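Visitor: Return a 3D structure for these sequence lines:
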Amino acid sequence: MRFLLVAFSFGFIASCVAFHLGFRCNYTPSVSRGLYRSVEGDAKSGDLVAVCLPPAISSVGLERGYLGPGTCADGAMPVLKYVLAAGGDEVELDWASVSVVGRGSYRLRTLSVDGVGRSLAPISRGRHRLAPGELWLVSAGHRRSWDSRYYGPVPETAVRSVFVPVITAPSDAPGWPALHRHWQSVDKQ
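Guide: Okay, here's the model as predicted:
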């Protein structure tokens, strides 16, 4: 019993120190499960971000169970998503893919019902130009992810942290890293 108490105490202290140093564990299917570290800087296309969704959006997420309770001002947990596009970019959305005009396309079906059969109301198909200070979020790890396909762009000010992977399990969306590298090369030309 004493050993368990010591082990628990050590684990608790270690997790508190890791949290203070900016390390977080992701256990959701939205991105690869594993350990991530918070880094300084503004969110840009391709970054993994923790975002507190606006209250009108997160209230739907809480009600439907897409979000759990968490540390955002409205009591919801932040979402962990990739930034697909930022202010000034133009996103084209159809039922089978999401594209950033001039950069590339990502096969990501927009669904009309959620995992338990409830109707989803995705935003309108077509082109959406992001205003300065807006971000378009996607998940590369889970086809049923609740992201900007359903609630549109979010304000850049909603970003709590930018994260980089430390140790992660393989993602079930192998196309994302290749697309991300492609966009980086297009941005540099």
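
Visitor: Show me what the strand ranked longest in the chain is in contact with.
Guide: In the chain, with assignment by DSSP state E, the single longest strand is strand 159-168. Residues outside strand 159-168 that contact it (CB atoms under 8 Å, 6 or more residues apart in numbering): 22-24, 26, 32-43, 47-52, 72, 78, 80, 135. Every C-beta, even on glycine, is put in place using the N, C-alpha and C of the backbone.

Visitor: hmm, 6 Å instead?
Guide: 32, 34-39, 41, 43, 47-52, 78 (CB atoms under 6 Å, 6 or more residues apart in numbering).

Visitor: Please apply the same query to stretch 124-143.
Guide: 29-32, 81-87, 89-94, 145, 147-148, 153-154, 156, 171, 173, 176.

Visitor: quick one: contacts for the most centrally placed residue in the chain?
Guide: Taking CA atoms, centre = their mean, the centroid of the chain lies closest to residue 81, which sits 0.8 Å from it. Shown in contact with residue 81 (CB under 6 Å, 6+ apart): 137, 139, 147.

Visitor: helix, strand or coil for it?
Guide: strand (DSSP: H, G, I helix; E, B strand; the rest coil).

Visitor: Tell me the most packed of the contacts of residue 81, by neighbour count.
Guide: residue 137 (27 neighbours; other CB atoms under 10 Å).

Visitor: Which of the contacts of stretch 124-143 fall within strands?
Guide: Counted as lying in strands by DSSP E, out of the contacts of stretch 124-143, are 81-86, 90-93, 154.

Visitor: hmm, which of those residues are the buried ones?
Guide: Among those, those classed as buried by 16 or more other CB atoms under 10 Å are 81-86, 91, 93, 154.

Visitor: per-residue confidence averaged over the particular helix or strand that has residue 50 in it?
Guide: Here residue 50, judged by DSSP states H and E, is contained in strand 48-51. Mean pLDDT, strand 48-51: 92.

Visitor: Measure how the next helix-or-strand element following that strand sits relative to strand 79-86, angle-wise.
Guide: Note on strand 48-51: by DSSP H and E, the next helix or strand toward the C-terminus is helix 55-64. Taking axes from the mean of the first three to the mean of the last three CA atoms, to 10 degrees, helix 55-64 and strand 79-86 form an angle of 140 degrees between their directions.
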